[in-house]
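Student: Just a sequence and a predicted model for now, questions to come.
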There are 4 protein chains.
Amino acid sequence: MFKIEMIVRDYECDIQGVVNNAVYQNYLEHSRHDYLLANNVDFVQLANAGIHLVVVRAELDYKQSLKPGDVFYITVEMEKESRAKYAFIQKVYRSADDKLMLQARTLGVALNERGRPTAFEALDNISL
Amino acid sequence: MFKIEMIVRDYECDIQGVVNNAVYQNYLEHSRHDYLLANNVDFVQLANAGIHLVVVRAELDYKQSLKPGDVFYITVEMEKESRAKYAFIQKVYRSADDKLMLQARTLGVALNERGRPTAFEALDNISL
Amino acid sequence: MFKIEMIVRDYECDIQGVVNNAVYQNYLEHSRHDYLLANNVDFVQLANAGIHLVVVRAELDYKQSLKPGDVFYITVEMEKESRAKYAFIQKVYRSADDKLMLQARTLGVALNERGRPTAFEALDNISL
Amino acid sequence: MFKIEMIVRDYECDIQGVVNNAVYQNYLEHSRHDYLLANNVDFVQLANAGIHLVVVRAELDYKQSLKPGDVFYITVEMEKESRAKYAFIQKVYRSADDKLMLQARTLGVALNERGRPTAFEALDNISL
């Protein structure tokens, strides 16, 4: 399963002394893009070519809080939901004890140059 | 209904030329805290006092993308879900045409000094 | 003098309970772009047209820390430094007592479609 | 010399398709804290103990722009400026060609529990 390891940076933490809720979406996006890149789908190149991978729904379950200096890893899986819709299942684990910190399900759609949802072969090949 | 107006800042936009997905969680957090403050619940003061309002689940439906310079407003409603759990229903509208850009449901819990979920009178009073 | 008022958002504050150092650059960029917009120079439109206004140097003097909920205003002035270089002088004041929190000097250059520094009439007109 | 390697994340890039100016301060902060940690000075632990390391001045020279996916490294050096003031000299290089992207000089002060500048033995030992 695809896996990327990262480390909490102090500036990502807020007044409560833990990683701010919004920052997990940054982590999730980065790991999704890295997952796609590992499967030869380049988010930025696509955007420049007029094909936009966009998020239509995100569900995040916050289990426990990452803290300054914590090392963690994110697993990424993808499932095809419908003709033009893909679901990313992602889990964030603290490396020290493999404890689940957050799990998320993100629904994405590929939009063509005219902004219409479109089947996207490169993504289909991954999810097979 | 509680409402706060904001404007998109250029640095909040990403390569696709629209507000980045994670930034909506920033907007939502800011408007929730502002809503609480308007109801005499000060998030920061509570954090300093050892009472942490934490998010346990977030659901975001991305409808359309905010762009640089867009003025928008966010509505906030709160419902009590269970003894120690509160749901925030938030909607983001573009001011120019009152079009719905995003809707979200955020579940929060109040934790006491020992990290235990706790009923929180100040929040109960709001949701009545 | 150009002036824009803003409010500190909780997520902009870090573990030390004050606005994180990097966030001031966000504030400064937003107020510069707003200043330019008020002078009919649209940063985003220019970027889309291939003309990039880029920062080549930034000097920030941190005087005192903004805190959660603080209302503040930023003043912006611009001076022409050389043919293709412009200096922005910006000051951040806490609204409650007009106390100076930060002052900054940002040097910017306009780059044309080939990435070459270029004199930029619209900016020249402002700085006159 | 102390060195930390990082990779540009897509969400750190803005409409111009390059890393946003403010994000470099995030990079710089993270690498400074990592440098201090490697020298047994824990920024977060200190903050919790009431000793705040604060930035009083930052100078950043932007040479060239990092782009999505770029791998880069940051070097960190520290010099004692005066009794309670320390200067961090940091350089950001693109790993692919060791090209200098940004250089920065950050002046920091250690404040004790009463908010007074204080000599800080642990930092002095590093800069020796």
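Tutor: Right, received. Where do you want to start?
Student: Okay, strands next: where are they in chain A?
Tutor: A:2-7, A:52-62, A:71-82, A:85-94, A:99-111 (DSSP state E).
Student: tell me the angle the longest one makes with strand A:52-62.
Tutor: Between the axis of strand A:99-111 and that of strand A:52-62 there is an angle of 160 degrees, by axes from the mean of the first three to the mean of the last three C-alpha atoms, to 10 degrees.
Student: Which among the strands of chain A is found nearest to chain B?
Tutor: strand A:52-62 (4.7 Å; C-beta to the nearest C-beta). All C-beta atoms are positioned from the backbone trio N, CA, C, and that covers glycine.
Student: ok, and what's touching that closest one?
Tutor: With C-beta atoms under 8 Å, 6 or more residues apart in numbering or on different chains as the test, strand A:52-62 has contacts from A:21, A:24-25, A:28, A:36, A:43, A:46-47, A:85, A:101-111, A:115, B:16, B:21, B:54-62, B:65.
Student: May I have the residues that are in contact with the residue nearest to A:Glu5 when sequence neighbours are not counted?
Tutor: Distances taken as C-beta to C-beta, 6 or more residues apart in numbering or on different chains put A:Tyr73 closest to A:Glu5, at 4.4 Å, once the chain neighbours are dropped. For A:Tyr73, the contact set (C-beta under 8 Å, 6+ apart) comprises A:Lys3, A:Ile4, A:Glu5, A:Met6, A:Val92, A:Tyr93, A:Ser95.
Student: picking that back up, mark which of the contacts of strand A:52-62 are buried, thanks.
Tutor: A:21, A:24-25, A:28, A:36, A:43, A:46-47, A:85, A:101-104, A:106-111, B:16, B:21, B:54-55, B:57-62, B:65 (16 or more other C-beta atoms under 10 Å in any protein chain shown).
Student: got the residues of chain A near chain C?
Tutor: For chain A, the residues in contact with chain C (C-beta under 8 Å from any C-beta of the partner chain) are A:Asp10, A:Tyr11, A:Cys13, A:Asp14, A:Ile15, A:Gly17, A:Asn20, A:Ala22, A:Pro68.
Student: can you do 10 Å?
Tutor: A:10-18, A:20-23, A:67-68 (C-beta under 10 Å from any C-beta of the partner chain).
Student: now, which of the residues you listed lie close to chain D?
Tutor: A:Asp10, A:Tyr11, A:Glu12, A:Cys13, A:Gly17, A:Lys67, A:Pro68.
Student: Report the separation between the third one and C:Tyr11.
Tutor: Shown here: A:Glu12 relative to C:Tyr11, a distance of 10 Å by C-beta to C-beta, to the nearest Å.
Student: got any ranges where chain A has weak pLDDT?
Tutor: Along chain A, segments meeting pLDDT under 70 span A:127-128.
Student: picking up where we left off before, which of the ones next to chain D among the residues of chain A next to chain C are buried, as a ChimeraX select command?
Tutor: Selection of buried members from those for ChimeraX, criterion 16+ other C-beta under 10 Å:
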select /A:10,11,12,13,17,68
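Student: restrict the ones next to chain D among the residues of chain A next to chain C to contacts with chain B.
Tutor: Of these, the ones that also sit near chain B (C-beta under 10 Å from any C-beta) are A:Gly17.
Student: can you pull the buried residues of stretch A:88-101?
Tutor: Buried residues in stretch A:88-101 (16+ other C-beta under 10 Å): A:Phe88, A:Gln90, A:Lys91, A:Val92, A:Tyr93, A:Arg94, A:Met101.
Student: from the chain's centre, how far out does the longest helix anywhere in chain A sit?
Tutor: For chain A, the helix with the greatest residue count under DSSP state H is helix A:21-38. Its chain's C-alpha centre and that of helix A:21-38 lie 4 Å apart, by C-alpha atoms, centre = their mean, to the nearest Å.
Student: Once you drop chain neighbours, what's closest to A:Asn125?
Tutor: A:Asn39 (7.8 Å).
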